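Q: Predicted model follows, preceded by the sequence.
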Amino acid sequence: MEHSAINVFFAGNNFARILQGLWTSVWIAALSLLIGLVLGTLLGILRTLPNKTIRFILRAYLEFFRIVPTIVLLYLIYYILPRSLHINWPASWMAVLAFSLWVSAEFSDIVRGAIESVPVTQKESGQALGLSSSQLFRYVLLPQAMQLELPATINLATRVIKTTSLLMLISIMDVIAIGQQIIEANNQQYPSAVFWIYGLIFILYFAIDYPLSLWAKRLAAKQKR
């Protein structure tokens, strides 16, 4: 009797390897989000300033990362940047750099929109109290903007997590790359293992992203009330 392809999970340390690959995807996404959100907040604040030159440059920065596909961005940073600047970073850190720049661009627009969505009366009240521009941002605009931008920020996080599936293209042993290795190593003995392996990967991504998506929808619904 032919063994079920599900046995591929229990062969050697295959299941542990898949979880290790998932951890690689998660920590790259998490660190990229942390760096990107900090940088994006600063850029978003700058985009609300009246200086047209700064706003134009930052708008061009945003459009660049929106127009260029993520896979092209990964290739540019992984292959071209090291040769041009003689940078010898591991592939995982090059991926963090690429994702951080992308997140900062996207988040800058979220921050800008949230700040500009704060009611004018709130700004006027802060100015009437004699707050300086920096105090107005710190105590009035940013706290309210953070609540407005939270659903969009969570959605951005889910996009980053899903996009880590491209990491295998720059030789990073993420969950997709390890899954593919297991499939190729067991293809003769378990021809249908591809369905089980990718099914498990689907479940893992779903288990991470779906709760975040629900959270974002609930927050958005509360804001509309």
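A: Perfect, thanks for sending it.
Q: what residues does the helix or strand harbouring residue 83 touch?
A: In this structure, residue 83 sits in helix 81-85 according to DSSP states H and E. The contact list for helix 81-85, computed with C-beta atoms under 8 Å, 6 or more residues apart in numbering, reads 87, 88, 89, 94. Every C-beta, even on glycine, is put in place using the N, C-alpha and C of the backbone.
Q: Same check on stretch 134-145?
A: Here stretch 134-145 makes contact (C-beta under 8 Å, 6+ apart) with 45, 111, 114, 115, 117, 118, 122, 123, 125, 126, 127, 131.
Q: Okay, the one residue sitting closest to the centre of the chain and residue 21: tell me how far apart.
A: Residue closest to the mean C-alpha point of the chain, counted by C-alpha atoms, centre = their mean, is residue 160 at 2.6 Å. The gap separating residue 160 from residue 21 is 17 Å, by C-beta to C-beta, to the nearest Å.
Q: show me what contacts residue 20?
A: With contact set as C-beta under 8 Å, 6+ apart, residue 20 has these partners: 173, 178.
Q: Now do the SS call for it.
A: Secondary structure, DSSP: H, G, I helix; E, B strand; the rest coil: residue 20 is helix.
Q: roughly how far apart are it and residue 179?
A: As judged by C-beta to C-beta, residue 20 and residue 179 stand 11 Å apart.
Q: Over to residue 11?
A: 14 Å.
Q: Which of the two has more residues huddled nearby?
A: Between residue 11 and residue 179, counted using other C-beta atoms under 10 Å, residue 179 has the larger neighbour count: 24 against 15.
Q: for this structure, which spans come out with low pLDDT?
A: Low-confidence segments of the chain (pLDDT under 70): 1-5, 225.
Q: helices or strands up against the following helix or strand past the helix holding residue 83?
A: The C-terminal neighbour of helix 81-85 among helices and strands, as given by DSSP H and E, is helix 91-117. Using 3 or more C-beta pairs under 8 Å, 6 or more residues apart in numbering; DSSP states H and E as the contact test, the elements touching helix 91-117 are helix 14-46, helix 52-67, helix 70-75, helix 142-163.
Q: Just the buried residues of helix 91-117, please?
A: Judged by neighbour count using 16 or more other C-beta atoms under 10 Å, the buried positions of helix 91-117 are 92, 94-115.
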